[in-house]
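Chemist: Pasting a predicted model and its sequence here:
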Amino acid sequence: MSDQSKTRGRGKSEKKKVQILDAATTLFITQGIDATSMEQLAEAAGVSKQTLYSHFGGKEELFVAAIKQRCIHYALSEELFDDQRPLPDVLRDMASHLMELLLSEDAIKLHRLCISGADQFPEICNLFYDAGPKSLLKFLADYLQRQANEGNLKVDNCGFAAQQFLFMVKGEAHMEALLNLQDQINAEEMEKYLDSCVKYFLKAYGSS
């Protein structure tokens, strides 16, 4: 098979995965994870059950992949934490992308779904946390550690610092969105708030 044919094959396979993940996200949000069957997922995605299993292995793996896709869609993957870029720019971009994700309709609905089912389906919450928040915290903590190693930060515990930055960024806006109070979120004020998060984080942990 030629390299061009392989590229076309990968492109078709990737489009199929995105199609499946988009359909799965919609069903998980509207019906709940436990109430959604692989048959329904296959029908919604326009593929066979065998295709679902070959791509993802099972429903739990599909749910995890859907969460990760949301993070990648909003540029919240490991590639964001580029050591060659200025530290303030990386932190500011992360803050902006994170808020875009957290305030998106899908993320809000999924967050509410996990909270409402936390007692009955704790394993779903574990999957959500590991694939989303925990993964992002690790990316950030590892990045902060590299920056500290280079002398750009003074941080005793990068895990703590990552949590502090992430939860500072979430601020009041995320709570308002969860409570269906999005009309109270001011975009201009949000930008100022995110700027201040980066400013005070670097004031606390900056090397100078």
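Modeler: In hand now; what should we look at? Numbering: from 1, shown residues only.
Chemist: Can you read off the pLDDT for Met99?
Modeler: Reported pLDDT at Met99 in the predicted model: 94.
Chemist: What is the neighbour count of it?
Modeler: A total of 23 residues lie near Met99 under the criterion other CB atoms under 10 Å. Heads up, the C-betas are built off the backbone N, CA and C, glycines and all.
Chemist: With Ser135 instead?
Modeler: 18.
Chemist: quick one, helices of the protein?
Modeler: 3-31, 38-45, 49-56, 59-73, 87-102, 105-116, 122-131, 133-149, 158-178, 187-205 (DSSP state H).
Chemist: Lowest average confidence across the ones you listed, which one?
Modeler: Sorting the helices of the chain by mean pLDDT places helix 3-31 lowest, at a mean of 74.
Chemist: re the thing from before, can you say which of the helices of the chain is nearest to Phe81?
Modeler: Of all the helices of the chain, it is helix 133-149 that lies closest to Phe81, at 3.8 Å by CB to CB.
Chemist: same for that closest one, what does it pack against?
Modeler: Judged by 3 or more CB pairs under 8 Å, 6 or more residues apart in numbering; DSSP states H and E, the packing partners of helix 133-149 are helix 59-73, helix 87-102, helix 158-178.
Chemist: Could I get the buried residue list for the last one?
Modeler: By 16 or more other CB atoms under 10 Å, the buried positions in helix 158-178 come out as 158, 161-162, 164-166, 168-171, 173-174, 177-178.
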